[in-house]
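Colleague: Based on what follows, work out the 3D shape:
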Amino acid sequence: MSISYSYDPYFKYTQLPKRWIRLLKIYDSLMANPPRHASELQQSIHISFENHEISSCPPYIALSYTWGEPTQIVDPTLRIFTKESRCYPVFCQGHLLRVTHNLRDALRRLRMKQQESKINPELYSTSTLKTWADLSKGRPELYWIDALCINQDNMDERSAQVALMGSIYKQATACLVWLGEKDDFTGIAMSTAVKLWNELRNREKLSTHLSVVESGRILQAKIRELLDLPQPQLQALAILFSRTWFSRLWIIQEVVLSPIVWAQCGPFFVDFECLMHLGGSLMATRAFKTRAAEQVAALKRLGLDVLAPGAYSYTQTPMLLAQLAETRAKLLQGKKSDFMEIARLVGANKTTEPRDRIYGILDITAEFDTQSGQTPIVTPDYSHPVDRIFTEAVIAVSRRRNDLSFLLLVCDQRWKIVPGLPSWCPDFSCGKSGLPARIGYEPLKHTSPFKKSFHR
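Modeller: As a prediction, this is how the structure comes out:
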């Protein structure tokens, strides 16, 4: 008589009640001290989950990152044995979960940071990191990370959790932007960013007490400093700003909604305000674009061709950062940007799921805003076809605005990717390259759009 045993090593998610989320805890490594070398950092990662009703969660850090590779120069050795991106093991309550290479690196750094804060608290006494330590107030550190805290194989749960995404980031104690592991240029880029930020802040403080002429001189000095940055520093910033995190769509809502935002690249850690401020200055001075030919050639020699089809160019990042700062400032004043502004902002950002072109902006767009207790204007549902989601969103915006301004976003039919879209509906999946390049617009008023029905 033979006895067969069936054992599934993979972690099984349990169903979440309505408006509940999972938070995860990362266990310290088995070493007595934080890892100092690569071999020590690479110890196995062990986590566990806690379930909480979203309105009564303990403090937690929400992670903002990219699922795929963090840089556009991909190490070919990562794909020697498999083309599956989620192939790195994480151990959860005696079972196995799989994550991507980039998320595994983020988990390792988070574990290292929390271990250092316990063993060497003096490291956290005189820097931005002190805020991180203060926020936990001695409690176990908890995190919300979408790839792990959402059962990605359950379509209903994905839809329900995406509907809560805005609340998750708004209610987080803080958001950590993970840009990926360091490279040879990260240290120069981060130190340059911090140095410029500190200098610009000091000059702005001075300029508030100066005359218009003297303030103008300070501004000119700032422009000259950015335009005259030494080649190694400018190149390092260009490489940092070419990282794929800056090209992703979801990061806009995550950064804009979170109360506090930090950024980390390998061991380097800065206030995200530093990057937004620097982005605004680079955009205003056009320092990147003025020396673009020089930089593009230098980056290509390093294996980064920002002009290749589908590549993300570092020259887009300053404007993105400046717009993030502006949108974030408006939200702090209780205002949301309108659909036209947001559609243009996210047009060039990438997502593998076209439905997220709408779902990824629900909580930062004025026309999708609802009062507490009201039925949401758009409810995420990943089982719906893309053409239905785009058309229903556009109809909702048109009714809310009582105009047809969305027609200014309709691209040439040759650019459209999504089948079944009416001729009047923009195809948001075609990216900014396919959207008309209109900066301003005059609302098309005195219409009665979609009162009862709509026609293709």
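
Colleague: going forward, measure contacts and count neighbours with C-alpha atoms only.
Modeller: Will do.

Colleague: and Arg104, how many residues sit next to it?
Modeller: By the criterion of other Cα atoms under 10 Å, Arg104 has 20 neighbours.

Colleague: my read: it touches Tyr88, true?
Modeller: Yes: shown here, Arg104 and Tyr88 form a contact pair, counting by Cα atoms under 8 Å, at 6.9 Å.

Colleague: Read off the pLDDT value for Thr82.
Modeller: Predicted confidence (pLDDT) for Thr82: 54.

Colleague: ah, wrong one, I meant Phe272
Modeller: At Phe272, pLDDT is 95.

Colleague: Quick one: neighbours of it, just the number.
Modeller: 20.

Colleague: separation between the nearest residue to it once chain neighbours are set aside and Asp184?
Modeller: Ranked by Cα to Cα, 6 or more residues apart in numbering and with sequence neighbours excluded, the top spatial neighbour of Phe272 is Trp262, at 4.7 Å. Distance of Trp262 to Asp184, computed by Cα to Cα, to the nearest Å: 21 Å.

Colleague: More neighbours: which of these two?
Modeller: Legend: neighbour count by other Cα under 10 Å for Trp262 and Asp184, higher for Trp262 (22 against 8).

Colleague: Moving along the chain from the one helix or strand that one maps to, name the first helix or strand you hit.
Modeller: Using DSSP states H and E, the element containing Trp262 is strand 261-265. Next along the chain after strand 261-265, taking DSSP H and E as the criterion, comes strand 268-271.

Colleague: what's the angle between the following helix or strand past that following strand and strand 261-265?
Modeller: Sequence-wise, the next helix or strand downstream of strand 268-271 (DSSP H and E) is helix 272-285. With axes from the mean of the first three to the mean of the last three Cα atoms, to 10 degrees applied, the angle from helix 272-285 to strand 261-265 works out at 80 degrees.

Colleague: So which other helices or strands are in contact with helix 272-285?
Modeller: helix 186-207, helix 212-227, strand 261-265, helix 317-332 (3 or more Cα pairs under 8 Å, 6 or more residues apart in numbering; DSSP states H and E).

Colleague: ok, and what's touching the third one?
Modeller: Applying Cα atoms under 8 Å, 6 or more residues apart in numbering, the set of residues contacting strand 261-265 from outside is 174-182, 186, 255, 269-273.

Colleague: 6 Å - rerun?
Modeller: 174-182, 269-272 (Cα atoms under 6 Å, 6 or more residues apart in numbering).

Colleague: do stretch 226-243 as well
Modeller: 70-71, 185, 189, 287, 313-314, 317.

Colleague: can you put the residues you listed in JSON lines and add pLDDT?
Modeller: Formatted as JSON lines, the contacts of stretch 226-243 follow (pLDDT from 0 to 100):
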{"residue": "Pro70", "pLDDT": "91"}
{"residue": "Thr71", "pLDDT": "89"}
{"residue": "Phe185", "pLDDT": "93"}
{"residue": "Ala189", "pLDDT": "94"}
{"residue": "Ala287", "pLDDT": "72"}
{"residue": "Ser313", "pLDDT": "86"}
{"residue": "Tyr314", "pLDDT": "87"}
{"residue": "Thr317", "pLDDT": "92"}
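
Colleague: out of the residues you listed, who's nearest Val394?
Modeller: Thr317 (27.8 Å; Cα to Cα).

Colleague: That closest one - how many residues pack around it?
Modeller: Neighbours around Thr317, by other Cα under 10 Å: 25.

Colleague: Please tell me how far it sits from Leu404.
Modeller: Taken as Cα to Cα, the span from Thr317 to Leu404 is 31 Å.

Colleague: quick one, domains of the protein?
Modeller: Per automatic domain parsing, the domain ranges recorded for the chain read 20-180, 186-330, 336-434.

Colleague: for those domains, which one sits closest to Pro9?
Modeller: Of the domains of the chain, nearest to Pro9 by Cα to Cα is domain 20-180, at 5.4 Å.

Colleague: and that closest one, how far apart are its ends?
Modeller: One end of domain 20-180 sits 29 Å from the other (Cα to Cα).

Colleague: what bits of this structure have low per-residue confidence?
Modeller: 1-7, 30-41, 76-86, 117-140, 203-224, 371-373, 413-414, 431-456 (pLDDT under 70).

Colleague: Apply 80 and report the result again.
Modeller: Residue ranges of the chain with pLDDT under 80: 1-8, 29-42, 73-86, 115-140, 199-228, 284-295, 370-375, 411-415, 430-456.

Colleague: where's the residue nearest the centre of it, which helix or strand?
Modeller: Centroid check for the chain by Cα atoms, centre = their mean gives Ile251 as the closest residue, at 1.9 Å. Ile251 belongs to helix 250-257 when assigned by DSSP H and E.

Colleague: which helices and strands sit right next to that helix?
Modeller: Contact partners of helix 250-257 among helices and strands, from 3 or more Cα pairs under 6 Å, 6 or more residues apart in numbering; DSSP states H and E: none.

Colleague: Skipping adjacent residues, who's closest to Leu196 in space?
Modeller: Using Cα to Cα, 6+ apart, the closest residue to Leu196 is Leu278 (7.3 Å).

Colleague: how many neighbours does that neighbour have?
Modeller: Neighbours around Leu278, by other Cα under 10 Å: 22.

Colleague: From Tyr10, how far out is it?
Modeller: 44 Å.

Colleague: Please check the contacts of strand 261-265 and keep the buried ones.
Modeller: In the contacts of strand 261-265, burial by neighbour count holds for 174-182, 269-272, counting by 16 or more other Cα atoms under 10 Å.

Colleague: Present those residues as CSV; the columns should include distance to Arg109.
Modeller: Output for the buried ones among the contacts of strand 261-265, formatted as CSV (distance: Cα to Cα, whole Å):
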residue, distance to Arg109
Ala174, 16
Cys175, 15
Leu176, 11
Val177, 12
Trp178, 10
Leu179, 12
Gly180, 10
Glu181, 9
Lys182, 11
Phe269, 11
Val270, 14
Asp271, 17
Phe272, 17
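
Colleague: Which one of those is nearest to Glu341?
Modeller: Phe272 (22.5 Å).

Colleague: do you know how far the closest one is from Leu176?
Modeller: From Phe272 to Leu176 the distance is 9 Å (Cα to Cα).

Colleague: do Tyr382 as well
Modeller: Counting by Cα to Cα, the separation of Tyr382 from Leu176 is 27 Å.

Colleague: Then Arg355?
Modeller: 25 Å.

Colleague: re the thing from before, please report the distance of the residue nearest to the centre of the chain from Thr244.
Modeller: Distance from Ile251 to Thr244, counting by Cα to Cα: 11 Å.

Colleague: Asp8 - that's part of a helix, no?
Modeller: No: Asp8 is assigned coil when assessed by DSSP: H, G, I helix; E, B strand; the rest coil, not a helix.

Colleague: ok, it - how many residues close by?
Modeller: Neighbours around Asp8, by other Cα under 10 Å: 9.

Colleague: for the one 5 residues further on, same thing?
Modeller: Each residue near Tyr13 was counted by other Cα under 10 Å, and the total is 13.

Colleague: give me the number of residues near the residue lying closest to it once chain neighbours are set aside?
Modeller: Leaving out its chain neighbours, the residue that sits closest to Tyr13 by Cα to Cα, 6+ apart is Asn151, at 6.6 Å. Asn151: 19 surrounding residues under other Cα under 10 Å.
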